[in-house]
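[1] below are the sequence and a predicted model for it; my questions follow.
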There are 2 protein chains.
Amino acid sequence: MNEKLSSNEFRVGVIGGGQLARMMTVPAINLGLDLRVLAEVEGSSAHLAARVVGDYNDLTVLRAFAATVDVITFDHEHVPLDLLRALEADGVSVQPPSRALAFAQNKLEMRVRLSQLELPCPDWAEVDSAASIDAFIANHGGVAILKTPIGGYDGKGVRVVRSAQDAADWLSPEGLAKAGGRLLIEEKVEFVRELAQLSARRPSGEFKAWSLVQTTQRNGVCSEVLSPAPNASEKTLAQAAAIAEQISEGLGVTGVLAVEMFETEDGRLLINELAMRPHNSGHFSIEGSVTSQFEQHLRAVLDLPLGSTAPTAAHAVMVNLLGVDDVEQFFGHYQDTMDAAPNAKLHNYGKSARAGRKMGHVTVVGEDSEAVLAEARLAAETLVGN
Amino acid sequence: MNEKLSSNEFRVGVIGGGQLARMMTVPAINLGLDLRVLAEVEGSSAHLAARVVGDYNDLTVLRAFAATVDVITFDHEHVPLDLLRALEADGVSVQPPSRALAFAQNKLEMRVRLSQLELPCPDWAEVDSAASIDAFIANHGGVAILKTPIGGYDGKGVRVVRSAQDAADWLSPEGLAKAGGRLLIEEKVEFVRELAQLSARRPSGEFKAWSLVQTTQRNGVCSEVLSPAPNASEKTLAQAAAIAEQISEGLGVTGVLAVEMFETEDGRLLINELAMRPHNSGHFSIEGSVTSQFEQHLRAVLDLPLGSTAPTAAHAVMVNLLGVDDVEQFFGHYQDTMDAAPNAKLHNYGKSARAGRKMGHVTVVGEDSEAVLAEARLAAETLVGN
C-alpha cells in the first residue's frame, strides 16, 4: 500500500452495509478517508457511505467495485473465498486476505490451524457420523457442542448435543452437504465466564491489542461487555494478548481480530470463536479507547500506523439494544433515556425492528465501575422500553 | 417540538455544508438522526449528508428544504434574517431563532443588547464619521478596534485604528452602505489571554456549559485551544458560565453558543464575540467531553435532554490545521503523523487547500498537560508539513 500514501485520497471499499460498515463511516469522516460501501440493499444501515448496491456473490459486481478503491475490506465474513482469490489474482488488496478469511469461514479449518499453532482450544474432533459423535460425547461426560463448520453466526449453526440423535437433521445427506460434508464437535467447556481479546494488525506487521473484555451472551447473542474484564490477573491479560498476536500472525489476519474465549475455573483460556473484522465485543472502544476499533480497522487495512489502544477511563460498559419490536417506540424513548442517563452514548444502527435483532448499543465510560454499569443498563432498558 | 418525539425519525436540516455540518454528521450517525444538509456547492465538506445544493438566499429553496425536516439549524450565521422570519411565519422551527441570530449577525445590535443586560463588554460606541471615530480614539489611549457590524468573520471586518484615516474606505459612502450605515468602535482591550465559554440551551430552557477554554489566535484565526483554561480561578469559571447563561436566556439563543472573551490583567472578563452554533473553540469536545458540541447542538435544537459536559480527561488540546497549500501533501503526511502521535485524533475537513484555510484540526486528550500539548502540536506540525 505504501505507493498509495501520496495519492490524493485513501479509498476504502467495504463489502456489506451493516452496522459495522455504518460505524466505520465515523472515523472515515474524521480522517477524511473515502469510504465506499457495497451494500446488499437500498436503505442499509451504512446507507450514508453506500456507493453501490449489489450482490457480493457476483464476481462482476466485486470487480467493478474493487476498481474504484485502494483496498477491499468487510462488514461480514460471507464473501465466497474463490471470489476473493480472484480479486487477489487481479492485484486487488484484500484485507484481511483470503488465506486468513478461510479460517474465519470454516470453524473446522480454524481448529486445525489453531491446534497446529499449539494454541489453547477446547477438545475437538471432526465428525461425519452418528457413531463418531456418540463416541466423542461418551468421552466428554455425556455432552458436547456440535457446530456446522460454515455458515454459523450469533448462535446459529451451534447446538448442545447429548446424543447423535440431537443432530439427526445435520447428519442427513442434505444437512451434511450444507455443512460442507463434515461437522465439528467440541467439548462443552465448564467456563466461569466468557472473555474477548480485541486487536489489530497491519499487513506490514504492526500489532496492537486493546485490554481484555468480559462478554455476556443472551440466547447466543452478545448482550453486555465490560472493559476491562473485571479482576483479570496480569497473567491472564498477557496470555490473552499473546494468543491474539499468535493468531494474527499465524493465520495472516490484517485489520481487527476478535478472539472470543472461555475462562475456566482453574484460570485457563480456551479459544471459542474468531472474527476478522470489528466485532460487537469492541464497540466499547468508540468511547472507551483513544482509538476505536473502527478507526483502527481502517488504519490497519490501509497499512497506516495504528493508534493508541489506551483506555479513556477506568471502566467502559457496552449494552446491546435487543428485543425492540417497534422502531417508532425506540425513538419515542429518546427523551426519557437522555433524561435518565446523561453520560450514555446511544448508537442507533438505523435498522427496522425485527425480533432479536441488534438495533443498536449504549456505552457508558467512567471511573466508578458500578455507576457505569448501572447507567449503561438503565439507558438500554429505557431505550428498549423495558 | 414535543409532538415530534414519537415520530419515526428526528429530521434535522442544516443550512450550510461546511465543516461544522460535516462534524454534525457523526453524532447524527450515532444517534440515528436524519441529518439533511442544504449545501452551497457540490462536493462540500458535509457532502455525505448533503441532500440539496442550493442558494440559502433564495426563500423558495429554503421553503422547499424546510418542508423536508423537523427543525432548521445552521452551519453558519449568514442566512438573511428576513428569510428566516418568513420560515418562522410558515411555522418552521428555526433554532436558534431569528430573534437571537439578529444579534449574531449584527455586532452593534449585540453590543446594545449585552449592555442592556449589564454584561461586561469593552467600552464601545456607534460611529459613522471620522470625527466620532477620532473622538473615541482620543478618549481611549490613541488606539481602538473598528468593526463593520455585519459580514465579518475570522478577522475580516475588524481593524486596529489609530486615526479615522485608517478607516477611510469603510467611511466612504459605499463602505458605510456595505456595513449597514454605521460602524462599531471598541476599546482595544489590554488582555492577558483570550477565553471562550461554550454552552448549549434547549428551546424549553435547559442549559449546560462546558468548562472554560483558553484560545490562541493567529492572524485573527483560532489556532489553538486548551481545555480547561489553565489556572482559571473558581470565580472566573463561575463568572464565565454565568455570562453564557445570561446571554443564552437574554438573547433567546438555542443550540450551542460560544462566547469569546478577553481576560484582563486584573481578572475581569470582557465579552468579545458571540457565535450561535458549534464553534472552533469547542472542537476539543469531540474527544474531550462526554458530549461533543456537535451532539449537544443536535440534541438542543430537537429539544432533547442535553448530555453531560463533563471532561473525559484532565486536559484536551486542539490545534487547527492551517497553512496547507497542497492537499495531496496533507494525506502524504498521515503515515509520519500517525507514527509520531499515536494519541492524536485527526480531523480532516475534506476541503481543497487554499491559503490560510482551516483544513482540519487535531485533538489530544490526557492527564499530563505538557505531554498533551506537545503531542497535539507535533501532530499538527507533522500533518501540515512544517
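    Arrived safely.
[2] what's the helix or strand for the nearest residue to A:Leu373 once chain neighbours are set aside?
    Leaving aside its sequence neighbours, A:Leu373 sits nearest to A:Val317 (CB to CB, 6 or more residues apart in numbering or on different chains; 4.9 Å). C-beta here means a position set from N, CA and C on the backbone, and glycine is covered the same way. Assigned by DSSP states H and E, A:Val317 falls within strand A:315-321.
[3] can I get that strand in PDB? Just the C-alpha atoms.
    C-alpha atoms of strand A:315-321 as PDB (Å, rounded to 0.1, in the frame of the first residue of the first chain):
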ATOM      1  CA  HIS A 315     -14.200   1.400  33.000                       C
ATOM      2  CA  ALA A 316     -16.400   1.100  29.900                       C
ATOM      3  CA  VAL A 317     -19.700  -0.900  29.700                       C
ATOM      4  CA  MET A 318     -21.500  -1.600  26.400                       C
ATOM      5  CA  VAL A 319     -25.000  -3.000  26.400                       C
ATOM      6  CA  ASN A 320     -26.700  -4.100  23.200                       C
ATOM      7  CA  LEU A 321     -30.200  -3.000  22.300                       C
END
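[4] list of residues touching it?
    Outside strand A:315-321, the residues that touch it by CB atoms under 8 Å, 6 or more residues apart in numbering or on different chains are A:221-228, A:280, A:283-285, A:287-289, A:330, A:348, A:358-369, A:372-373, A:376-377, A:379-380, A:383-384.
[5] got the domain boundaries for chain A?
    Partitioning chain A according to automatic domain parsing yields domains covering residues A:2-94, A:123-187, A:191-384.
[6] can I get those in a markdown table including mean pLDDT?
    Conversion of those to a markdown table gives the following (pLDDT from 0 to 100):
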| stretch | mean pLDDT |
| --- | --- |
| domain A:2-94 | 92 |
| domain A:123-187 | 91 |
| domain A:191-384 | 94 |
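[7] for A:Leu114, find the nearest of those.
    Ranking those by proximity to A:Leu114 (CB to CB) places domain A:191-384 first, at 6.0 Å.
[8] mind checking the end-to-end distance for the closest one?
    The first and final residues of domain A:191-384 sit 30 Å from each other (CA to CA, to the nearest Å).
[9] can you check stretch A:352-359 too?
    One end of stretch A:352-359 to the other measures 8 Å (CA to CA).
[10] neighbours around the residue lying closest to A:Lys188 once chain neighbours are set aside, how many?
    Spatial nearest neighbour of A:Lys188, excluding adjacent residues (CB to CB, 6+ apart): A:Val143 at 4.9 Å. Using other CB atoms under 10 Å in any protein chain shown, the number of residues around A:Val143 comes to 13.
[11] next one: A:His347
    A count of nearby residues for A:His347, using other CB under 10 Å, gives 25.
[12] please identify the helix or strand for it.
    strand A:345-348.
[13] who touches stretch A:96-112?
    The set of residues external to stretch A:96-112 that reach it, using CB under 8 Å, 6+ apart, is A:73-74, A:77-79, A:81, A:84-85, A:88, A:113, A:121, A:124, A:126, A:147-150, A:152, A:180, A:182, A:184, A:186, A:251-255, A:273-277.
[14] filter those to the buried ones?
    A:73-74, A:77-79, A:84-85, A:88, A:113, A:121, A:124, A:147-150, A:152, A:180, A:184, A:186, A:251-255, A:273-277 (16 or more other CB atoms under 10 Å in any protein chain shown).
[15] how far does stretch A:351-360 stretch from one end to the other?
    In stretch A:351-360, first residue to last residue: 9 Å (CA to CA).
[16] distance of A:Gly142 relative to A:Phe136?
    Distance of A:Gly142 to A:Phe136, given as CB to CB, to the nearest Å: 11 Å.
[17] typo on my end, A:Ala379
    Going from A:Ala379 to A:Phe136 by CB to CB gives 44 Å.
[18] these two: who's more crowded?
    Taking other CB under 10 Å, A:Ala379 and A:Phe136 do not tie; A:Ala379 has more neighbours (28 against 21).
[19] which ones are touching the more buried one?
    Taking CB under 8 Å, 6+ apart, one finds A:319, A:337, A:340-341, A:344, A:346, A:362, A:364 in contact with A:Ala379.
[20] quick one, phi psi at A:Glu109?
    Dihedral pair for A:Glu109: phi -60, psi -40, per degrees, to the nearest 10.
[21] tell me, how many residues neighbour it?
    Residues contacting A:Glu109 under the criterion other CB under 10 Å number 17.
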